[in-house]
Each structure stands twice: as C-alpha cells, then as structure tokens.
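Engineer: 3D, please:
(one chain, ligands or ions: 1)
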Amino acid sequence: MFYSSTFTSNTSTNYNSEEFLVIENLVKSFPQPDGSRTVILDGINLTIGAEEYISVIGHSGCGKSTLLRIIAGLDKPTSGMVTLEGKEIRKPGAERMMVFQSYALLPWLTVRENIRLAVDEVLKKATRAEKVSLVNEHIAMVNLTAAADKYPDELSGGMKQRVGIARALITRPKMLLMDEPFGALDALTKRKLQAQVLEIWENHRQAVMMITHDVDEAIYMSDRIILMTNGPEAKIGEIITVPFDHPRDRASLQNSQEYYEIRKKALDFLEHYS
Ligand SMILES: Nc1ncnc2c1ncn2[C@@H]1O[C@H](COP(=O)(O)OP(=O)(O)OP(=O)(O)O)[C@@H](O)[C@H]1O
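Structural biologist: This next block holds a predicted model:
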C-alpha cells in the first residue's frame, strides 16, 4: 500500500500508544488592550490515545478553539506543553489535520483540485497515478464523485464540509482536529455526515479531537467527552467515558438507558456552568 512505504512516521516509537497526545499543565493567556493578560485556559491536563475519538464541549468563549489551535501548532501555550508521540508540538505538521466549520476551501479550485492540493503538499513522493487514484478514492469515500469537477460556490454547505473532511483525511494524518465540523449544517445533512465520518473513522482509526456544542453528537461519535468549565481560567471540569462499542448505531444507542444517563450528566454539567 502506498501509505506504508512513503508516509511512515519517523518519530520516536518510545511512547505508549495510549499516550499518543499528552497535554501537560497547559496555560494560555492573551494580552489585553490595557496591558494586562487574561488567562483563558488554566492548567489543562489530558492524555489521548492513538485511536481515540475525543469530543470537547463547553460554553462559548471557554477556550475550546484555542486548545485545538495549540494542538494544531497554530498557537503556542503560555506555559505547559503538548507532546505528540513524545515530541513537543511547536508548529503545524502533516500528522495533524484541521477541519474547520467554515470549510476553508479555495474558491478558484474544483472539489478534485482542492483535495489534490493537500496530496501535493504532503505526499510529495507519490507518483501522479497514485495521487489521481487516492483523490478519486477519497472523493468517493465522501460521496462526491458526481460533484468532483464543481467549484465551491456550486456546492451546498454539507458538500463543502465533505470536501474539507476528504482533504483532511487523504494524507492519513495521525490526528484529526475538527472545530464544530457539523455546526453549520441542517439537521438531516448533519446526521448523514456524522454517520459518514464515524464510519470512516471506524474503518481507519486515528486520534480525533472534535469541538462540538451538541451533546448527542458527542455521545454518538466519541469515546470520551471532555467538559470544560467556563472561561476565563477554564479547566477540564469533567470527563465522561462513553461505554458503547464501535461500530455504533444511533437508533440502538438512543434506546439504551445508559445513553440518557450520559446525556443527563453532560447537560447537567453545562447547565451548572450556564
Ligand atoms: N488571539 C487572541 N487574542 C486575544 N484574545 C483571544 C485570542 N483568541 C481567542 N481569544 C479569547 O479567548 C477566549 C476563548 O476563545 P475561543 O475561540 O478559544 O473559545 P471557544 O470556546 O472556542 O468559543 P466558541 O464556542 O464561541 O467558538 C475568548 O474570550 C476569545 O475572545
């Protein structure tokens, strides 16, 4: 397989796969116009496994996107550290890919070209034929074959988000960072895309951190739900382990008593901090 020969990691294997990503005593403050600093994240400690799907929930402004940006290497902690496979994250890297709520597609490129761009940037050693076949495979994976030669402004929101997801997945990142990936979609499209992303993840396991405001989405998709306290000085208030095996079926989950207990726990937490 193409990936195994050209895209293997050269990072240290001297770490435990349950400690794939380690966030230690992370503090992030931002300067204010009056010269003072506001502490946004105040001592975050979290360890994520190499195949774990994590959701982060918390009220608006508590610092979820800031945390994701630091893991992506787009911002730096004020103190504390984030390591991936034992190495400190200092800048963006191809092993961590972001999916944004706002799609972030290049409007002058077609679906196929937007996805191909990621391949050209990351998989430099692949041949032309390998690249074409990978792009086609990923376009099919997110059901966009019929729209492959369309431009972003000819696509619906759900289709644009599928392009963003295919573009993030195609380089087989070790970690997928998703900032409210389904937030802008209508309810039906959202459900379809959640199921599609979950199925892809179930088949190609990797570490995922997904920010969401939707408790049902978090329970359906993730292994653990990180509940943040309100900002400023936000911390991890509670971590809920979701005990359901994968692959998951939404209807049968929602028929279980456990589902409603988890849901209540998360909603009670959010209400307490509202
Ligand atoms: N570059 C920056 N400079 C100053 N303050 C910032 C900066 N980036 C974020 N903040 C502040 O940090 C806080 C956390 O922002 P962040 O976007 O991480 O929150 P969030 O939990 O993702 O919010 P939402 O759910 O509304 O997207 C906010 O008060 C925001 O104004």
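
Engineer: List the contacts of the residue lying closest to residue 49 once chain neighbours are set aside.
Structural biologist: Once flanking residues are discounted, residue 49 sits nearest to residue 18: 4.6 Å by C-beta to C-beta, 6 or more residues apart in numbering. All C-beta spots, glycine's among them, are computed from the backbone N, C-alpha and C. Counting by C-beta atoms under 8 Å, 6 or more residues apart in numbering, residue 18 makes contact with 47, 49-50.

Engineer: for the protein, which helix is longest?
Structural biologist: helix 187-204 (DSSP state H).

Engineer: Could you pull out the buried residues of it?
Structural biologist: Neighbour-count burial for helix 187-204 flags 189-191, 193-194, 196-198, 200-201 (criterion: 16 or more other C-beta atoms under 10 Å).

Engineer: May I ask you to confirm that residue 235 is in contact with residue 228?
Structural biologist: Yes - using C-beta atoms under 8 Å, residue 235 is in contact with residue 228, at 7.2 Å.

Engineer: Got the confidence number for residue 99?
Structural biologist: pLDDT, residue 99: 89.

Engineer: Quick check: nearest residue in space to it, chain neighbours excluded?
Structural biologist: Nearest to residue 99 is residue 178, by C-beta to C-beta, 6+ apart, at 4.4 Å.

Engineer: tell me the SS of the residue lying closest to residue 37 once chain neighbours are set aside?
Structural biologist: Computed as C-beta to C-beta, 6+ apart, the closest residue to residue 37 that is not its neighbour in sequence is residue 29, at 4.2 Å. Look at residue 29: counting by DSSP: H, G, I helix; E, B strand; the rest coil, its state is strand.

Engineer: where does residue 29 land on pLDDT?
Structural biologist: Per-residue pLDDT puts residue 29 at 97.

Engineer: who touches it in this structure?
Structural biologist: Neighbouring residues of residue 29 by C-beta under 8 Å, 6+ apart: 37-40, 78.

Engineer: Closest one of those residues to the ligand?
Structural biologist: Closest approach to the ligand among the contacts of residue 29 (C-beta to the nearest ligand atom): residue 40, at 4.3 Å.

Engineer: Tell me who's in contact with residue 80.
Structural biologist: Residue 80 neighbours (C-beta under 8 Å, 6+ apart): 23-27, 43-44.

Engineer: And those, which of them are buried?
Structural biologist: Using 16+ other C-beta under 10 Å, the buried members of those are 23, 26, 44.

Engineer: any chance of the residues you listed in JSON lines, plus pLDDT?
Structural biologist: Below are the buried ones among the contacts of residue 80 laid out as JSON lines (pLDDT from 0 to 100):
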{"residue": "23", "pLDDT": "98"}
{"residue": "26", "pLDDT": "98"}
{"residue": "44", "pLDDT": "97"}
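
Engineer: Mind checking which of those residues are in helices?
Structural biologist: Per DSSP H, the subset of these in helices is empty.

Engineer: distance of the residue lying farthest from the centre of the chain from the ligand?
Structural biologist: In the chain, the residue that sits farthest from the middle, by C-alpha atoms, centre = their mean, is residue 34; the gap is 34.5 Å. Distance of residue 34 to the ligand, computed by C-beta to the nearest ligand atom, to the nearest Å: 13 Å.

Engineer: where does that residue land in three-state SS?
Structural biologist: coil.

Engineer: give me every residue that touches it.
Structural biologist: Contacts of residue 34 by C-beta under 8 Å, 6+ apart: none found.

Engineer: count of neighbours near residue 59?
Structural biologist: Counted with other C-beta atoms under 10 Å, residues neighbouring residue 59 total 15.

Engineer: and it, how far is that from residue 65?
Structural biologist: 13 Å (C-beta to C-beta, to the nearest Å).
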